[in-house]
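Undergrad: quick check, what structure comes out for this input:
(chains A, B and C)
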Amino acid sequence: MVRTVDLEKQEEKCPPGKVIYDEVRGEYICTESGEVIEERVVDQGPEWRAFTPEEKEKRSRSGSPLSQTLHDSGIATMIDWRDRDASGKKLELERKLEAMRMRKWQIRTRIQNSIDRNITQAAEELDRLAVELGLPEAIKDEAATIYRKAVERGVVRGRAVEAVVAACLYIACRLYKLPRSLDDIAEYTKTQKKEIARCFRLLVRELNIKIPVSGASDYIPQMISALGLGGRVEAKAKEILEQAKSTGITAGKDPAGVAAAAVYIAARLCGIKKTQKDIAQVAGVTEVTVRNRYREITQQLNLKVPEDEEE
DNA sequence: AAGACGAAAGTGGTTGA
DNA sequence: TCAACAACTTTCGTCTT
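TA: Reported below is the predicted structural model:
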């Protein structure tokens, strides 16, 4: 059933301007928390969307709505390949030449259309993913730029748009040091993690993108906020992490697990109790891994973790 | 009852012949 | 292409709070 949207009330929870409407799913979503504020809303907008100024230009209302299912969006008039007019008579020579020019032109626009169509479709998918993952505009734009480049270079021909978009988004996240794991992204995608990973490698190679190696420290801010911990714990965790890194015991280990252990230790040193389970969950690893890192780090650094302590 | 701990076996991905 | 390998996961029993 359809509920009334009380946006004013919702603005207390989510500041205005942070609320995005996802018309594919019919939900109002907060871009900060990713929280769904209102769902099953009746779509009152136009039946298509425009993402860029060019698209807005192109999609102004005239004629029937553009269709994504028709290869030419349903707007092209096909030019017959036979040199005959509507009544079937042969054409004069100059008319013949004109028809040839028109055919050539039509083929060109068709190719142009295919790139546009692809990008339009991708933009939609990208928008959806970004909202669901609660990612900021900047990252979305970065991903869109990468995608456009990939399509223009013909790198991704024959690959599922969804997978490529996901890979682009993943790259953008890495570039912006906002770690979202492949699992996080794959969760909102029909394609498998494996396929996204393959696209990721392909794009990195073909477009010469240099991906900064994501260190464990990149995971900390996200985990801290997800667990509702303060800056004190965050600082402590980073400190522990630095020390652990200098001993070399973190080499080759899953950075998420290392970060999780650092946060766990830091929280306890600050007298805050968080279960291994909670931390493991936000880090996307198991308790066992958290434990293993925890044990290694505390042993190596000779850390004593008190049961209760407050300064 | 819930959390912490660790052993043992299983899993998917990488590496090197 | 295959087997070895390291890291991580799953599962489970035991101990502690």
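
Undergrad: in the stretch 151-300 of chain A, which spans are helices?
TA: Per DSSP state H, counting those that start in this stretch, the stretch 151-300 of chain A carries helices over the ranges A:161-175, A:182-187, A:193-206, A:220-227, A:231-247, A:255-269, A:276-283, A:287-301.

Undergrad: make sure residue A:297 is actually in contact with residue A:303.
TA: Yes - assessed by Cβ atoms under 8 Å, residue A:297 is found in contact with residue A:303 at 7.0 Å. C-betas here are computed from N, CA, C, even on glycine.

Undergrad: most tightly packed of the helices of the stretch 151-300 of chain A?
TA: The highest average neighbour count among these, using mean count of other Cβ atoms under 10 Å, belongs to helix A:255-269 at a mean of 26.

Undergrad: just checking, what packs against that one?
TA: Applying 3 or more Cβ pairs under 8 Å, 6 or more residues apart in numbering; DSSP states H and E, one finds that helix A:255-269 makes contact with helix A:220-227, helix A:231-247, helix A:276-283, helix A:287-301.

Undergrad: low-confidence stretches in chain A?
TA: When residues are selected by pLDDT under 70, those of chain A lie in A:1-93, A:108, A:110-112, A:179, A:305-311.

Undergrad: can you point me to the longest helix in it?
TA: helix A:93-133 (DSSP state H).

Undergrad: and stretch A:278-293, how far apart are its ends?
TA: 15 Å (Cα to Cα, to the nearest Å).

Undergrad: quick one: is it near DNA strand C?
TA: Yes - legend: contact between stretch A:278-293 and DNA strand C by Cβ under 7 Å from any atom of the strand is shown at A:284-289, A:292.

Undergrad: which ones, among those, also lie beside DNA strand B?
TA: Filtering those for proximity to DNA strand B by Cβ under 7 Å from any atom of the strand leaves A:287-288.

Undergrad: just send the residues of stretch A:278-293 next to DNA strand C back as CSV, with distance to residue A:181 too.
TA: Converted to CSV, the residues of stretch A:278-293 next to DNA strand C look like this (distance: Cβ to Cβ, whole Å):
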residue, distance to residue A:181
A:284, 6
A:285, 10
A:286, 14
A:287, 18
A:288, 18
A:289, 14
A:292, 19
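
Undergrad: among the residues of stretch A:278-293 next to DNA strand C, which one lies nearest to DNA strand B?
TA: Comparing the residues of stretch A:278-293 next to DNA strand C against DNA strand B with Cβ to the nearest atom of the strand places residue A:288 closest, at 5.0 Å.
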